[in-house]
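> Here is the input, now give the coordinates:
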Amino acid sequence: MVHLLGIPYDANSSFLRGPAYAPARIRLMGSEGSANFGTENGPDLAEGTHFTDLGDLAFEDSSPEKAHHTIKNAVAGQLAQGRRLLCLGGDHSTSGPVIEAHAEAIESLHVLQFDAHTDLYNNFDNNPYSHASPFARLMEKGLLKSLTQVGLRTLTAHQREQAQRFGVKMVEMKEFSTDFLTGLQGPLYISFDMDVLDPAFAPGVSHHEPGGISTRQALDMLHQIKVPVVGADVMEYNPVRDTHNLTAMVAWKMMKELMVKML
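So this is what the prediction gives:
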């Protein structure tokens, strides 16, 4: 069974706030949207049978350091009970403590990151917890066996240096290929940043970056993953920028298909 956990936090966003509203809006698509709980290659998901919704984490204040520890401790507590978690963010900084808890609980954890950005900045806006830096923090600590980033199209010289420093496998859109799928290893954690998708498919994100993958390409890649998926998240959906819940529906779809990979 998959346990769904909302992380309504976006204080580390560098451009726009709004992802804190994402978990609630994504859930609404199951009751107020035009979708159902059917999946493409799996069962019709049923709460209590295939997944349990744990609700949202509560934050006492917006302090980045306190939020980091709140998230990590909550996730670690769930993992200690043998549960598999799918988290709904939230800005991408929230993936940092989620993945950190997984890496400490699961030996030799590999991570697959779908994203327009590397999130490898050493120091962005003088905030070590910035949503532009979580994967730099994870790699600095040597917590991951490997990191594969797919969908990149905003690389700076600094980001390339960081990727080389940490031995990150990058799949850039300018030379996009799905060959990386054959090299994936498990146990695998999947972090899905909604801005990996072209804005035409997901306008409801804080950072519009043209030239991304399509929703169909994303789904096909998820379906082709053969290694065990032990955790996942869907991040950076911003309801404030959405149009008629179009992006919420895409996030709902990704959530369901990720659940199937975890069952």
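
> what's near enough to touch residue 97?
By C-beta atoms under 8 Å, 6 or more residues apart in numbering, the contact set of residue 97 is 68-69, 71-72, 75. Backbone N, C-alpha and C define where each C-beta goes, glycine included.

> Would you agree it falls within a helix?
Yes: assessed by DSSP: H, G, I helix; E, B strand; the rest coil, residue 97 belongs to a helix.

> Specify the beta-bridge partners of the closest residue to residue 87 other than its chain neighbours.
In space, and not counting its chain neighbours, residue 87 is closest to residue 233: 4.2 Å by C-beta to C-beta, 6 or more residues apart in numbering. Counting by DSSP bridges, residue 233 is bridged to residue 87, residue 191.

> I am assuming residue 233 contacts residue 192, so please confirm or correct that.
Yes: contact criterion C-beta atoms under 8 Å: residue 233 and residue 192 qualify, at 6.7 Å.

> quick one, which of these two is more surrounded?
residue 192 (28 against 25; other C-beta atoms under 10 Å).

> Assign the closest residue to residue 207 other than its chain neighbours to helix, strand or coil.
Closest residue in space to residue 207, ignoring its immediate chain neighbours: residue 195 at 5.3 Å, by C-beta to C-beta, 6+ apart. On the three-state scheme (three-state DSSP), residue 195 is labelled helix.

> Let me see the contact set for residue 195.
Residue 195 sits next to 115-117, 202, 205-209, 212, 236 when contact means C-beta under 8 Å, 6+ apart.

> Pull out the buried residues from those residues.
115-117, 202, 205-207, 209, 212, 236 (16 or more other C-beta atoms under 10 Å).

> Okay, strands next: where are they in the stretch 151-263 of the chain?
Using DSSP state E, counting those that start in this stretch, the strands of the stretch 151-263 of the chain run over 169-172, 188-193, 229-235.

> angle of the last one against strand 188-193?
If I follow you right, that is strand 229-235. 10 degrees (axes from the mean of the first three to the mean of the last three C-alpha atoms, to 10 degrees).

> I would like the residues contacting strand 229-235, please.
Residues outside strand 229-235 that contact it (C-beta under 8 Å, 6+ apart): 19, 26, 84-92, 94-95, 98-99, 102, 106, 109, 186-194, 251, 254-255, 258, 261-262.

> May I see the buried ones among the contacts of residue 195 arranged in TSV, with distance to residue 60 and pLDDT as well?
Putting the buried ones among the contacts of residue 195 into TSV (distance: C-beta to C-beta, whole Å; pLDDT from 0 to 100) gives the following:
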residue	distance to residue 60	pLDDT
115	29	98
116	32	97
117	29	96
202	31	98
205	28	97
206	24	95
207	28	94
209	33	96
212	36	98
236	23	97
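
> Output the below-cut-off pLDDT ranges for the stretch 1-150 of the chain.
By pLDDT under 70, the stretch 1-150 of the chain contains no weakly predicted segment.

> all helices of it, in order?
22-28, 64-80, 95-105, 134-140 (DSSP state H, counting those that start in this stretch).

> Residue 58: which of the ones you listed is closest?
Closest approach to residue 58 among the helices of the stretch 1-150 of the chain (C-beta to C-beta): helix 64-80, 8.3 Å.

> residues making contact with that closest one?
For helix 64-80, contacts defined as C-beta under 8 Å, 6+ apart pick out 3, 5, 7, 9, 11-12, 54, 57, 59-60, 85, 87, 93-94, 96-98, 100-102, 104-106, 127-129.

> Just the buried residues of the contacts of residue 97.
With burial judged by 16+ other C-beta under 10 Å, the buried subset of the contacts of residue 97 is 68, 71-72, 75.

> quick one: which of those is nearest to residue 241?
Of those, the one sitting nearest to residue 241 (C-beta to C-beta) turns out to be residue 71, at 23.7 Å.

> Against residue 97, how distant is that closest one?
Look at residue 71 and residue 97: by C-beta to C-beta, to the nearest Å, they are 4 Å apart.

> do the same with residue 207
Here the criterion is C-beta to C-beta. By it, residue 207 lies 21 Å from residue 97.
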